[in-house]
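J.: sequence and predicted model, in that order:
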Amino acid sequence: MIVCDGFVGNVILKLAESFYSLIRRRKIKDEYFDRFNFENYGGTPVLGVNAPVIIAHGISNATAIKNMIHITLKVTTAGLTEKITQAVHESITS
């Protein structure tokens, strides 16, 4: 997991997707690069908001949307937004 601002995150994401596309076009099977397939995750949480927000890829297919729903469930049941709010509050009051 990488935590960064939106611009840097988007550049890193696009770079990873480019590597994955290149590997697929060359018909290379590589477990490491399979992790860069956006369909496996479907979306990513946006941090710093008051409620869970998950962003999907613009070309998401049914598999990606299904996996995004699973990620959304994990984020909401883990209480990610509440944990971030609590950590920020604690750092301000400390």
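T.: Yep, that arrived.
J.: after the longest helix along the chain comes which helix or strand?
T.: Among all segments of the chain classified by DSSP state H, the helix with the greatest residue count is helix 6-25. Per DSSP states H and E, helix 6-25 leads on to helix 31-34 as the next helix or strand towards the C-terminus.
J.: just the buried residues of that next one, please?
T.: Taking 16 or more other C-beta atoms under 10 Å as the basis for neighbour counts, the residues of helix 31-34 that come out buried are F33. For glycine as for every other residue, the C-beta is placed from the backbone atoms N, C-alpha and C.
J.: excluding chain neighbours, what is closest to the residue positioned nearest the centre of the chain?
T.: Nearest to the mean C-alpha position of the chain, by C-alpha atoms, centre = their mean, lies T44 at 2.5 Å. Closest residue in space to T44, ignoring its immediate chain neighbours: I55 at 5.9 Å, by C-beta to C-beta, 6 or more residues apart in numbering.
J.: quick check: that neighbour touching V46?
T.: Yes - using C-beta atoms under 8 Å, I55 is in contact with V46, at 5.8 Å.
J.: and the two? which has more neighbours close in?
T.: Neighbour comparison, I55 and V46: the larger count goes to I55, with 15 against 12 (by other C-beta atoms under 10 Å).
J.: quick one, what contacts the more buried one?
T.: The neighbours of I55, taking C-beta atoms under 8 Å, 6 or more residues apart in numbering as the test, are 43-44, 46.
J.: at 10 Å what do you get?
T.: Applying C-beta atoms under 10 Å, 6 or more residues apart in numbering to I55 gives the contacts 6, 9-10, 13, 42-46, 68.
J.: phi, psi of it?
T.: Recorded main-chain torsions at I55 are phi -100, psi 130, according to degrees, to the nearest 10.
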